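Trainee: requesting a structural model of the entry that follows:
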Amino acid sequence: MEPENGIFASDPLPLVLAAYLFMTVVMGALWAVQRKTRNAAIGDVGWCFGLILVVLWYATQASSSFERIALTVMLVTLYAGRLGLHILFDRVIGKQEDARYRRLREEWGESESAKMLAYFLLQALAVAAFSLPFLVLMWNPRPPSALVELIGLIIWGIAVSGEARADRQLAHFRADPRNRGRVCREGLWAYSRHPNYFFEWLHWCSYVVMTLGAPGWVFTWIGPIGMGFALLKLTGIPRTEAQALSSRGEEYKAYQATTNAFFPWFPRPRPDMATPS
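Mentor: Okay, the predicted model is just below:
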C-alpha cells in the first residue's frame, strides 16, 4: 500500500479494521483471564500493549522514511509501555482488583459477566480508534525536524513525564501505611485531583500539534476528544470520585472544595476557613 502525499493511496480503513479484529481476539482472551483472576485491570494492560502491537504492525505496512517510522514506534512504545507496566505492577500482579471495577461488578449483578465482556470488547474498539493518530503521524510527509513537530514533541515530553510523575507520587503515598484512607495532596496532586488524567489527555493533544495540516490530520482529534470525554464524563473522573467519596468521605469533599478536578491550578482556600469580609 503506497503512500500518496503522505497518506495511503487507498483507503486505510482495512488496516484499522484488521487492528480491531486482532484486538477483539486479544481482549476476548483477557476477559477469560479476568474471569479466573477477578481482576479486570488486566484489560487496561491489554489496551496499552495492544496499542503498541497495532502500531508496530502499521510500521510494517508503511513506505515512510525510517526516521518517521522510528519516531512513531518510539513514541507509542514509551507512552503505552510505561503506562502498561505501571498498571501491571500497581494494579494487577499480586494486587486486589481496583475498587472501581469491584463497584461495577456489584452494579451489574447477575449480568456482570456479559457486561464485562462488552466492556473488554469496547477496549478493542478503543485501541483501533486511538491508533489513528499514530497512523497519521507515521504517514506525515513532513520531515520529523519540522518546527511544528518539535513543538508537539515538547508537549509530548511534558505530558508523558508529568503522568509518570503523578503516578509515582500517588504510588509512594499509598505505599506508606500511615496514609491508609487519606487523600493524597502531595506534589502534582496539590494542584489537580487527577493530574494523571490531565497529562494523559495532554499527551493525546501532542499528536494534533505534531501533525498540524498533514493529510488525515482530522483523525488525530480522536485522541483528545475521545480521551477527554472518557476521562471527564465516562469511566475516569466520575467513577474515581464516586469511589473516593465512598472511601474517604469528608476529607475528599474538602479536597474537592479546594482543588481543581482536572486542569492543574493553585489550590483554593477551604470555604469554612475563608476570612469574613
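Trainee: how about the secondary structure of the spatially closest residue to Ala190 that is not a sequence neighbour?
Mentor: Nearest residue to Ala190 in three dimensions, chain neighbours excluded: Pro267, at 6.1 Å (CB to CB, 6 or more residues apart in numbering). For glycine as for every other residue, the C-beta is placed from the backbone atoms N, C-alpha and C. Here Pro267 is coil, with the state taken from DSSP: H, G, I helix; E, B strand; the rest coil.
Trainee: do the same with Ser63
Mentor: Reduced to three states by three-state DSSP, Ser63 is coil.
Trainee: element containing the residue nearest to Ala261 when sequence neighbours are not counted?
Mentor: Using CB to CB, 6+ apart and skipping residues adjacent in sequence, the residue nearest Ala261 is Arg193, 5.1 Å away. Using DSSP states H and E, Arg193 is not contained in any helix or strand.
Trainee: wait, isn't Met116 in contact with Ala32?
Mentor: No - between Met116 and Ala32 there is no contact under CB atoms under 8 Å: 10.7 Å.
Trainee: who's more crowded, these two?
Mentor: Neighbour count, other CB atoms under 10 Å: between Met116 and Ala32, Met116 has more, with 19 against 11.
Trainee: tell me what the host helix or strand of that one is packed against?
Mentor: Per DSSP H and E, Met116 falls inside helix 112-130. Applying 3 or more CB pairs under 8 Å, 6 or more residues apart in numbering; DSSP states H and E, we find helix 112-130 packed against helix 13-37, helix 42-61, helix 99-108, helix 222-229.
Trainee: by contact count, what packs against the shortest one?
Mentor: Applying 3+ CB pairs under 8 Å, 6+ apart, one finds that helix 222-229 makes contact with helix 112-130, helix 132-138, helix 195-210.
Trainee: deepest of these, which one?
Mentor: helix 132-138 (a mean of 25; mean count of other CB atoms under 10 Å).
Trainee: who touches that helix?
Mentor: 7, 12, 15-16, 51, 55, 58-59, 62, 64, 68-69, 71-72, 75-76, 204, 207-208, 210-211, 214-217, 219-220, 222-223 (CB atoms under 8 Å, 6 or more residues apart in numbering).
Trainee: what is the mean pLDDT for it?
Mentor: Mean pLDDT, helix 132-138: 95.
Trainee: mind checking how far it is from the chain centre?
Mentor: In terms of CA atoms, centre = their mean, to the nearest Å, the centre of helix 132-138 is found 16 Å from the chain centre.
Trainee: repeat that for stretch 141-149.
Mentor: Offset of stretch 141-149 from its chain centre (CA atoms, centre = their mean): 25 Å.
Trainee: could you tell me the end-to-end distance of that stretch?
Mentor: End-to-end distance for stretch 141-149: 12 Å, by CA to CA, to the nearest Å.
Trainee: in it, what's buried?
Mentor: 142, 144, 149 (16 or more other CB atoms under 10 Å).
Trainee: quick check, nearest of these to Lys253?
Mentor: Checking the buried residues of stretch 141-149 against Lys253 with CB to CB, the nearest one is Glu149 at 43.6 Å.
Trainee: I'd say Gln243 and Ala99 touch.
Mentor: Yes - Gln243 is within contact range of Ala99, at 4.9 Å (criterion: CB under 8 Å).
Trainee: list the contacts for Trp265?
Mentor: Trp265 touches 191-192, counting by CB under 8 Å, 6+ apart.
Trainee: quick check: buried residues in whichever strand or helix holds Arg239?
Mentor: Assigned by DSSP H and E, Arg239 falls within helix 237-258. By 16+ other CB under 10 Å, the buried positions in helix 237-258 come out as 237, 239-241, 243-244, 252, 254-255, 258.
Trainee: which stretches of the stretch 1-150 of the chain have low pLDDT?
Mentor: 1-11 (pLDDT under 70).
Trainee: apply 90 and report the result again.
Mentor: For the stretch 1-150 of the chain, applying pLDDT under 90 flags the ranges 1-14, 61-65, 98-100, 103, 139-146.
Trainee: the stretch 151-277 of the chain too?
Mentor: For the stretch 151-277 of the chain (pLDDT under 90), the answer is 180-181, 213, 215, 234-236, 243, 246-249, 269-277.
Trainee: next, the residue nearest to Ala190: phi, psi?
Mentor: Main-chain dihedrals, Pro267, degrees, to the nearest 10: phi -60, psi 150.
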